[in-house]
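In: sequence isn't available, so here's the structure alone:
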DNA sequence: CCCGATTCCTGTAGGC
DNA sequence: TGCCTACAGGAATCGG
């Protein structure tokens, strides 16, 4: 599923092919995503030039002349460059057809994604206004996480996945970063020391940067289409490995549910 | 304010 | 082989 590295990989993949180009036609075949695609979006977008392709958290932001097209890939979404004549599949909900004769095609089987039109400053939009800092920015540090976690009794893993604290850490990378940092995902966020948060902040950055460098966990499917883990999967140390031996000490990995999410950890290495 | 539970959807994996 | 069910998961929103 697309996490931040996959979204960033998508951004880098499409930007050179659409920036500076005019959208000729917008074709919408299914408006029922997480929120309905707004009526009239076709008319607002057609004829405009893509000034830039940006990203905030897991949201892609196509900056156009008079507004911003916000795209979220949800869990099963993808954006691919295709020949507009290629017959759309069942889950190919939106095409942006460019003057260059290429189409940007949005597909999303589970329809947890979103395509919205924003006028004015996107940072003020309801979906973006309350978001915490980007994980790879210097704003996210051990000191920051330590300060924000004081007084909180929730598990450190759910704290780490809270978009108001920091963005871009989904379930896969939360599990991996906590393993790398040697922290038990069930521990109360508010009682973890500054030193351990320094380590955790480092591990979050390293694991995300590595995944981005490798084109995300789902690179293969970013091109091919469906959302199974790709290259980075071979390097996952705990995610999806319940019952298998810890790569460090061979103790069988345990699974617990935190915040309705599967959490896998090593009971010996993570305290 | 804090935090866990619920909800959307459908492809896939596992059980029989 | 094929049917059936449980599960996965981002994040807004609800409920306590």
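Out: All right, it came through fine. Treat the numbers as computed from the prediction; the structure is a model and nothing was measured.

In: anything in stretch A:91-100 near DNA strand B?
Out: Yes - for stretch A:91-100 and DNA strand B, the contact criterion (C-beta under 7 Å from any atom of the strand) is met by residue A:91. C-beta: built from backbone N, CA, C; applies to glycine.

In: buried set for that stretch?
Out: Under the neighbour-count criterion of 16 or more other C-beta atoms under 10 Å, stretch A:91-100 has A:91-98 buried.

In: mind putting those residues into TSV with secondary structure, distance to DNA strand C and pLDDT?
Out: As requested, the buried residues of stretch A:91-100 are exported to TSV (DSSP: H, G, I helix; E, B strand; the rest coil; distance: C-beta to the nearest atom of the strand, whole Å; pLDDT from 0 to 100):
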residue	secondary structure	distance to DNA strand C	pLDDT
A:91	coil	13	89
A:92	strand	18	93
A:93	strand	16	94
A:94	strand	18	95
A:95	strand	23	95
A:96	strand	21	96
A:97	strand	27	97
A:98	strand	26	97
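
In: count of residues packed around residue A:147?
Out: Number of residues near residue A:147 (other C-beta atoms under 10 Å) recorded here: 11.

In: surely residue A:154 and residue A:189 touch.
Out: Yes - assessed by C-beta atoms under 8 Å, residue A:154 is found in contact with residue A:189 at 5.7 Å.

In: those two: which has the busier surroundings?
Out: With neighbours defined as other C-beta under 10 Å, residue A:154 and residue A:189 compare such that residue A:189 has more, 23 against 14.

In: residue A:136 versus the more buried one, what's the distance?
Out: Residue A:189 sits 21 Å away from residue A:136, going by C-beta to C-beta, to the nearest Å.

In: touching, residue A:246 and residue A:254? I think so.
Out: No - the criterion here is C-beta under 8 Å, and residue A:246 misses it with residue A:254 at 9.8 Å.

In: how about the residues of the stretch 51-200 of chain A by DNA strand B?
Out: Contact residues (C-beta under 7 Å from any atom of the strand) of the stretch 51-200 of chain A with DNA strand B: A:76, A:90-91, A:109-112, A:151-155, A:158, A:190.

In: phi, psi of residue A:261?
Out: phi -120, psi 140 (degrees, to the nearest 10).

In: that one: neighbour count?
Out: Using other C-beta under 10 Å, residue A:261 has 15 neighbouring residues.

In: and the residue of chain A closest to DNA strand C?
Out: Here the residue of chain A nearest DNA strand C is residue A:170; by C-beta to the nearest atom of the strand that distance is 3.1 Å.

In: OK, contacts around that residue?
Out: Applying C-beta atoms under 8 Å, 6 or more residues apart in numbering to residue A:170 gives the contacts A:1, A:3-4, A:58, A:161.

In: the closest residue to residue A:135 other than its chain neighbours: neighbour count?
Out: For residue A:135, ignoring the flanking residues on the chain, the nearest one in space by C-beta to C-beta, 6 or more residues apart in numbering is residue A:168 at 4.7 Å. By other C-beta under 10 Å, 25 other residues sit near residue A:168.

In: you'd agree residue A:168 is in a helix?
Out: No - in this structure, residue A:168 is coil, not part of a helix, as judged by DSSP: H, G, I helix; E, B strand; the rest coil.

In: show me where chain A has its strands.
Out: A:23-28, A:50-56, A:59-64, A:67-72, A:77-82, A:92-98, A:103-108, A:114-118, A:254-258, A:261-265 (DSSP state E).
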